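> please work out how this folds:
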Amino acid sequence: MSDGSIDPAQDVRAAVYAQPLESLDPAQPALFRDDAFWPYFERLRAEDPVHYTADSAYGPYWSITKFEDIMAVDTNHHAFSSEGGITIVTQVNEQGPLPMFIAMDPPRHDVQRKTVSPAVSPINLQKLEPLIRERAIGILESLPIGEEFDWVDKVSMELTAMTLATLFDMPQEDRRKLTYWSDVVTAVPGQGLIDTLDQKMAIFVEYHAYFTALWNERVNAPPSSDLISMLAHGPDTRGMSPREFFGNVVLLTVGGNDTTRNTITGSVLALNQNPDQYDKLRADPSLIPGMVSETIRWQTPLAHMRRIATRDVELGGKTIRKGDKVIMWYVSGNRDETMIDNPNAYIIDRERPRQHLSFGFGIHRCVGNRLAELQLTVIWQEILKRFPRIEVVSEPKRVYSTFVKGYESLPVIIRERT
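As a prediction, this is how the structure comes out:
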């Protein structure tokens, strides 16, 4: 409540329901920054789950907002192509969007994904777990007690950057470059991190040069198990162009960074907003795996993925035309009351906690999903051993983006150790 009588959330909801249905445009970064997008998807799921927005900042597009319709699009790569980009706004320069395997269709997609997937195989995760745990312990032991700090900076960014630097086999002292570059990739010029598209492109030149040096080093060394070596020596990837290599580095950086980082932060926020669930978790740490899956659903760290229709397709009683832009709003599907019981509630012991869309489905299902779950599980196992409670002391600052649903900062205080 702002003054004891007016609820801003209700004001937003009333405004959304007052608009003509055809004019609804949920693809507005400010809505995500302000956490004000929920009524858009609530109305679209109820009244027009396959919705056409004719006029937006990104051109015309279809919004797919219900769980089963999203699944239908995500699992049909023949009718809905990833070529050309996976976000509603295509990152372009004079050469067009960067090629990367998530923005490819088979067969190119399949062979490139297969090249890097051993890095996050079950056997490799088993080897990584002790290192992730050691780092999680180091991070948590260094946190101040009794004074406010930013959880995003001190914990979420640190653990994910350390893990990703290990997967790339790059120096740990450079790990925050990964955080910065990942943020630049998805940043909107003029919203704080970068001022112009030209500045973004200049940073990309540095980013590209750094990883080109790693490629040159690895291609001239015996094959090893890091992601760069896998790409440099893989029979289907060693001949890729420098732009295609860089596109895949960008994909692996953002995929390995933003999603886990924002879910770690989201877990602290969700448990604070639902203190009964926090008490339940503290009383029974065996609930951590379920809590992790519930947080991944509740947070939905990537709000959407884009596809392009390769032919005319009927969906939800509508005809999507060949060439149309189709947006799968994972953030909406994860709150679909026809598929998930009480979907707006955060319940860490749900019967089917893995019933969510956050990792996608079909050929593009997140390749690092188990690594994300592992990092979240380990950090919470170690948190519960040390701190009775992590207390959020003010509202988070959210990311200005329709794609990355995340946090720039989350002020917290830990008042005591266990």
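> ok but residue 271 is inside a helix, no?
Yes: counting by DSSP: H, G, I helix; E, B strand; the rest coil, residue 271 is found in a helix.
> so who does the nearest residue to it once chain neighbours are set aside touch?
If the residues on either side of it in the chain are set aside, residue 271 comes closest to residue 278, at 4.1 Å by Cβ to Cβ, 6 or more residues apart in numbering. Every C-beta, even on glycine, is put in place using the N, C-alpha and C of the backbone. Neighbouring residues of residue 278 by Cβ atoms under 8 Å, 6 or more residues apart in numbering: 271, 272, 389.
> how many neighbouring residues does residue 398 have?
Other residues lying near residue 398 total 19 when counted by other Cβ atoms under 10 Å.
> so how far is residue 216 from the residue nearest to it when sequence neighbours are not counted?
Nearest residue to residue 398, sequence neighbours excluded (Cβ to Cβ, 6+ apart): residue 33, at 5.1 Å. To residue 216, residue 33 is 40 Å away according to Cβ to Cβ, to the nearest Å.
> quick one, what contacts residue 418?
385, 386, 387, 388.
> just the buried residues out of those, in ChimeraX syntax.
Remark: buried members of the contacts of residue 418, expressed as a ChimeraX selection using 16 or more other Cβ atoms under 10 Å:
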select :386,387
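> take the contacts of residue 418 and write them to JSON lines, including distance to residue 236 and pLDDT.
Listed next are those as JSON lines, based on distance: Cβ to Cβ, whole Å; pLDDT from 0 to 100:
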{"residue": "385", "distance to residue 236": "44", "pLDDT": "97"}
{"residue": "386", "distance to residue 236": "45", "pLDDT": "97"}
{"residue": "387", "distance to residue 236": "46", "pLDDT": "97"}
{"residue": "388", "distance to residue 236": "51", "pLDDT": "95"}
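> just the ones in strands from the contacts of residue 418, please.
When those are checked against strands (DSSP state E), there are no matches.
> pick out whichever of the contacts of residue 418 sits closest to residue 328.
Among those, residue 387 lies closest to residue 328 (Cβ to Cβ), at 37.2 Å.
> spatially nearest residue to that closest one (excluding sequence neighbours)?
residue 414 is the one closest to residue 387 (Cβ to Cβ, 6+ apart), at 5.2 Å.
> before we move on, the earlier item: so which of residue 33 and residue 216 has more stuff around it?
Taking other Cβ under 10 Å, residue 33 and residue 216 do not tie; residue 33 has more neighbours (18 against 12).
> which residues does the more buried one contact?
398, 399, 400, 401.
> can you do 7 Å?
398, 399, 400 (Cβ atoms under 7 Å, 6 or more residues apart in numbering).
> looks like the second one contacts residue 408 (just checking).
Which is residue 399. Yes: counting by Cβ atoms under 7 Å, residue 408 is a contact partner of residue 399 at 6.0 Å.
> when these two are compared, which one has more neighbours?
Each of residue 399 and residue 408 has its neighbours counted (other Cβ under 10 Å); residue 399 has more, 25 against 17.
> what sits closest to the more buried one if chain neighbours are left out?
Counting by Cβ to Cβ, 6+ apart, the residue nearest residue 399 is residue 406, at 4.5 Å.
> neighbours of the one you found, how many?
25.
> isn't it up against residue 264?
No: counting by Cβ under 7 Å, residue 406 does not reach residue 264; the two are 10.3 Å apart.
> tell me the pLDDT at the residue nearest to residue 197 when sequence neighbours are not counted?
Residue nearest to residue 197 in three dimensions, not counting chain neighbours: residue 189, with 5.4 Å by Cβ to Cβ, 6+ apart. Here, the pLDDT recorded for residue 189 equals 85.
> and what of residue 153?
pLDDT, residue 153: 96.
> what sits against it?
So residue 153 contacts nothing (Cβ under 7 Å, 6+ apart).
> and what about it, helix, strand or coil?
Three-state assignment for residue 153 (three-state DSSP): helix.
> on the pLDDT front, check residue 126 for me.
For residue 126, the pLDDT comes out at 88.
> gap between it and residue 286?
Look at residue 126 and residue 286: by Cβ to Cβ, they are 20 Å apart.
> with residue 23 instead?
For residue 23, the distance to residue 286 - Cβ to Cβ - is 48 Å.
> for the helix or strand encompassing residue 258, the distance to its chain's centre please.
Applying DSSP states H and E as the criterion places residue 258 in helix 242-273. Distance of helix 242-273 from the chain centroid (Cα atoms, centre = their mean, to the nearest Å) equals 5 Å.
> and the angle from the helix or strand just after it to helix 242-273?
With elements assigned by DSSP H and E, the helix or strand that comes after helix 242-273 is helix 275-283. If you take axes from the mean of the first three to the mean of the last three Cα atoms, to 10 degrees, helix 275-283 sits at 100 degrees to helix 242-273.
> CA atoms of helix 275-283 as PDB?
Only the C-alpha atoms of helix 275-283 are listed here, as PDB (Å, rounded to 0.1, in the frame of the first residue of the first chain):
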ATOM      1  CA  PRO A 275       8.200 -17.000   6.000                       C
ATOM      2  CA  ASP A 276       6.100 -20.100   6.700                       C
ATOM      3  CA  GLN A 277       8.000 -21.800   3.900                       C
ATOM      4  CA  TYR A 278      11.400 -20.600   5.300                       C
ATOM      5  CA  ASP A 279      10.500 -22.100   8.700                       C
ATOM      6  CA  LYS A 280       9.500 -25.300   7.000                       C
ATOM      7  CA  LEU A 281      12.900 -25.400   5.100                       C
ATOM      8  CA  ARG A 282      14.900 -24.700   8.300                       C
ATOM      9  CA  ALA A 283      13.000 -27.400  10.100                       C
END
